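**Student:** Give the three-dimensional model of this entry:
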Amino acid sequence: MRAFRSIRWRLQFWYALLLAAVLLGFGLSAYEIERNDLQRATDAELGRRVDSLARALRPPPPAPPPVRRPPERLSRETGRDDGAGDDPGPPPRPPEPVPPGADANPALPGRLARRIPAQEQADYETAGPGGWYYALWQRNGEPAASSPNCPPDLPRPTLFARRPQEPVLRARGSLREAYTRMGQGELLLVGHDLTADLLRLHHLAWLMAGAAGAILGLGLIGGHWLAGRSLQPIADIGAAAAKIAAGDLRQRIGTEDTDSELGQLAQVLDATFARLEAAFARQARFTADAAHELRTPLAVVLTHTQNALAVPCASEEHREALAACQRAAQRMRALTESLLWLARLDSGSQVRRRVAFDLAERVADCVELLRPLAGRRGITVRSDLAPAPCAGDPEQIDQVITNLITNAIEHNSEGGEIRIATQAGPAGATLAVADRGPGIAADQLPRVFDRFYRTDASRSRASGGVGLGLAIAKAIVEAHGGTIRAESEPGRGAVFTASFPC
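**Tutor:** Coordinates of the predicted model:
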């Protein structure tokens, strides 16, 4: 796409990519840290609760044996041994063996419920996301006790700790559980439903995503503004160069940012443009001064040749020499006038009037003035002049019309035809001059408006031209804001079209 070829959009895309990568990395890191903290806190709480419940399940310590008085002490009143009448009772019986598969502690569920810390009782009774639950299995694998909110499909753990009271952690979906083996073979499990915590974590992730999107949007807006401001001198340089290329040598960049690299470049280019303008001004001034200084000696030469030709006693050879000098002087005078025109146009000192007029009327007047010149070569001039209003300096427009018609007469075939047409369009007035001459080769068309340029066939010096007529016409048309172009096919003549703004 054309937009991505722009330096501004390339910088904008690179800044956006870097900012998005930084925000994404920061967001993922923050989310992972928060998730790990949640898991560590949950695992620590699971370990604490497992240890608390394991202590509650431990059997109470055995009662101390009864204290018996020594037998050798006698009573002073009776003279008998005080301990003789004491019946020590039957000896204690050993504990009955536990049948295989029977619960070694039948009061375990009740004792467990009674010995759970009061601050945790509500946690083991609350159902739903975020609740805590426990479950106890006997050593034979049968369920012994569980909290009211225990999941109904809770599977018995198949892995046991290496040592009693060493908790093992496992995860089942959104559930996090810890279990341990008790001293008598029971298996205790405590679990926690992380659904509420995960919802809060996801909510935090969405908040971070929204904040990252806002930061990215602000970064893109700021980057767009910063890139535009940084590259503004380049746009100013391009605009000034385009105007200078169009002929306005007085244009300057004039940037206020003189500290940056582009600002320094703009200053260098302004200095270059100033020297270029001075060089063109000196060239135009030299051309004008030289042409002006040549006018006087040329006038003297023409005057003397005309006077010499008027003397009847001059010989035929002298008259031919004087006539050659006269033709050369007239040619030099035409060249001098053309150079003066170009010098004035190049320097911009030529004052142009901006008045409204009809192009068709100006063309009709010029055709009548040049019709005798066309008649001497037997050339027919046909006009199709539609009203074409435009604005500009009528005298300079007359110079354009005269040069184009004269060029068509000089480079037309003997007894040929010239067609001249005017028309009005949405952009302005158009003048077209077509001849039936030998035409112009395709490789020579781009240079027909160059100064002093002549083609080999149709623009020879034998025609008497100086090679500046079309150059002057182009300079005047462009000074009025118009355009001029040439179209031709060898052997079929040429068409010159000039357009002037309304």
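**Student:** from here on, contacts and neighbour counts on C-alpha atoms
**Tutor:** Will do.
**Student:** so the nearest residue to residue 470 once chain neighbours are set aside is in which element?
**Tutor:** In space, and not counting its chain neighbours, residue 470 is closest to residue 449: 5.3 Å by Cα to Cα, 6 or more residues apart in numbering. Using DSSP states H and E, residue 449 is not contained in any helix or strand.
**Student:** Any idea how many residues pack against residue 449?
**Tutor:** As a burial measure, residue 449 scores 22 neighbours (other Cα atoms under 10 Å).
**Student:** Output the contacting helices and strands for the one helix or strand residue 8 maps to.
**Tutor:** Using DSSP H and E, residue 8 sits in helix 7-57. In terms of contacts (3 or more Cα pairs under 8 Å, 6 or more residues apart in numbering; DSSP states H and E), helix 7-57 is packed against helix 108-115, strand 175-181, strand 187-193, helix 195-245.
**Student:** got the angle for the longest one vs strand 175-181?
**Tutor:** Think helix 195-245. 140 degrees (axes from the mean of the first three to the mean of the last three Cα atoms, to 10 degrees).
**Student:** ok, now how distant is residue 327 from residue 408?
**Tutor:** 22 Å (Cα to Cα, to the nearest Å).
**Student:** Quick check on the residue lying closest to residue 184 once chain neighbours are set aside: phi, psi?
**Tutor:** Ranked by Cα to Cα, 6+ apart and with sequence neighbours excluded, the top spatial neighbour of residue 184 is residue 139, at 7.3 Å. Here is the backbone geometry of residue 139 (degrees, to the nearest 10): phi -70, psi -20.
**Student:** how near is residue 139 to residue 183?
**Tutor:** Residue 139 is 10 Å from residue 183, by Cα to Cα.
**Student:** okay, these two: which has more neighbours?
**Tutor:** More crowded of residue 139 and residue 183, by other Cα under 10 Å: residue 139, with 18 against 13.
**Student:** what helix or strand is residue 298 on?
**Tutor:** helix 261-310.
**Student:** Skip ahead from that helix and say which helix or strand is next.
**Tutor:** helix 316-347.
**Student:** Determine the three-state secondary structure at residue 497.
**Tutor:** The three-state assignment at residue 497 reads strand, by DSSP: H, G, I helix; E, B strand; the rest coil.
**Student:** number of nearby residues for it?
**Tutor:** Residue 497: 19 neighbours (other Cα under 10 Å).
**Student:** need the contact list for the residue lying closest to it once chain neighbours are set aside.
**Tutor:** In space, residue 497 comes closest to residue 432 once its chain neighbours are excluded; the distance is 4.4 Å by Cα to Cα, 6+ apart. Going by Cα atoms under 8 Å, 6 or more residues apart in numbering, residue 432 touches 419-422, 495-498.
**Student:** Try it again at 7 Å.
**Tutor:** Residues in contact with residue 432 (Cα atoms under 7 Å, 6 or more residues apart in numbering) are 420-422, 495-498.
**Student:** Alpha carbons of the host helix or strand of it, in PDB - could you do that?
**Tutor:** If you go by DSSP H and E, residue 432 is part of strand 428-435. Only the C-alpha atoms of strand 428-435 are listed here, as PDB (Å, rounded to 0.1, in the frame of the first residue of the first chain):
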ATOM      1  CA  GLY A 428     -10.600  27.700 -18.700                       C
ATOM      2  CA  ALA A 429     -10.100  28.600 -22.300                       C
ATOM      3  CA  THR A 430      -8.200  26.500 -24.900                       C
ATOM      4  CA  LEU A 431      -6.400  27.500 -28.100                       C
ATOM      5  CA  ALA A 432      -5.400  24.800 -30.600                       C
ATOM      6  CA  VAL A 433      -3.200  25.500 -33.700                       C
ATOM      7  CA  ALA A 434      -2.700  22.700 -36.200                       C
ATOM      8  CA  ASP A 435      -0.500  22.600 -39.300                       C
END
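**Student:** Can you tell me the strand partners of that strand and which way each runs?
**Tutor:** strand 417-424 (antiparallel), strand 494-501 (antiparallel) (DSSP bridges).
**Student:** Let me see the mean pLDDT of the following helix or strand past it.
**Tutor:** Downstream of strand 428-435, the first helix or strand assigned by DSSP H and E is helix 469-479. In this model, helix 469-479 carries a mean pLDDT of 83.
**Student:** Helix 316-347 and helix 469-479, what's the angle between them?
**Tutor:** Using the same axes, to 10 degrees: helix 469-479 against helix 316-347 is 20 degrees.
**Student:** got a list of contacts for helix 469-479?
**Tutor:** 342, 345, 396, 400, 403, 449-451, 483-484.
**Student:** Could you do stretch 222-231 as well?
**Tutor:** Outside stretch 222-231, the residues that touch it by Cα under 7 Å, 6+ apart are 8, 12.
**Student:** can you rerun that using 10 Å?
**Tutor:** 7-16, 216-221, 232, 234-235, 257, 260-263 (Cα atoms under 10 Å, 6 or more residues apart in numbering).
**Student:** Off-centre distance for the helix or strand containing residue 375?
**Tutor:** Using DSSP H and E, residue 375 falls within helix 359-376. Relative to its chain's centre, helix 359-376 lies at 57 Å (Cα atoms, centre = their mean, to the nearest Å).
**Student:** now swap in stretch 375-393 and tell me
**Tutor:** 52 Å.
**Student:** and if you look at stretch 323-335?
**Tutor:** 63 Å.
**Student:** rewinding a little: make a markdown table out of the contacts of helix 469-479 and add distance to residue 477 and pLDDT.
**Tutor:** Conversion of those to a markdown table gives the following (distance: Cα to Cα, whole Å; pLDDT from 0 to 100):
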| residue | distance to residue 477 | pLDDT |
| --- | --- | --- |
| 342 | 13 | 68 |
| 345 | 11 | 66 |
| 396 | 9 | 83 |
| 400 | 8 | 88 |
| 403 | 12 | 88 |
| 449 | 12 | 82 |
| 450 | 14 | 80 |
| 451 | 15 | 73 |
| 483 | 6 | 89 |
| 484 | 7 | 90 |
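**Student:** circling back to that earlier point, isn't the residue nearest to residue 184 right up against residue 182?
**Tutor:** Yes. Using Cα atoms under 10 Å, residue 139 is in contact with residue 182, at 9.0 Å.
**Student:** Give me the angle between the helix holding residue 298 and helix 316-347.
**Tutor:** 160 degrees.
**Student:** could you measure residue 151 against residue 195, distance?
**Tutor:** Taking Cα to Cα, one finds residue 151 at 14 Å from residue 195.
**Student:** ok, now residue 381?
**Tutor:** For residue 381, the distance to residue 195 - Cα to Cα - is 97 Å.
**Student:** ok, the two, which is more surrounded?
**Tutor:** Neighbour count, other Cα under 10 Å: between residue 381 and residue 195, residue 381 has more, with 20 against 16.
**Student:** where are the low-confidence patches of the stretch 301-450 of the chain?
**Tutor:** For the stretch 301-450 of the chain, the stretches flagged by pLDDT under 70 are 313-314, 338-339, 341-352.
**Student:** mind running it again at 80?
**Tutor:** Within the stretch 301-450 of the chain, the stretches with pLDDT under 80 are 301-302, 304-324, 326-354, 427.
**Student:** Many thanks, have a good one.
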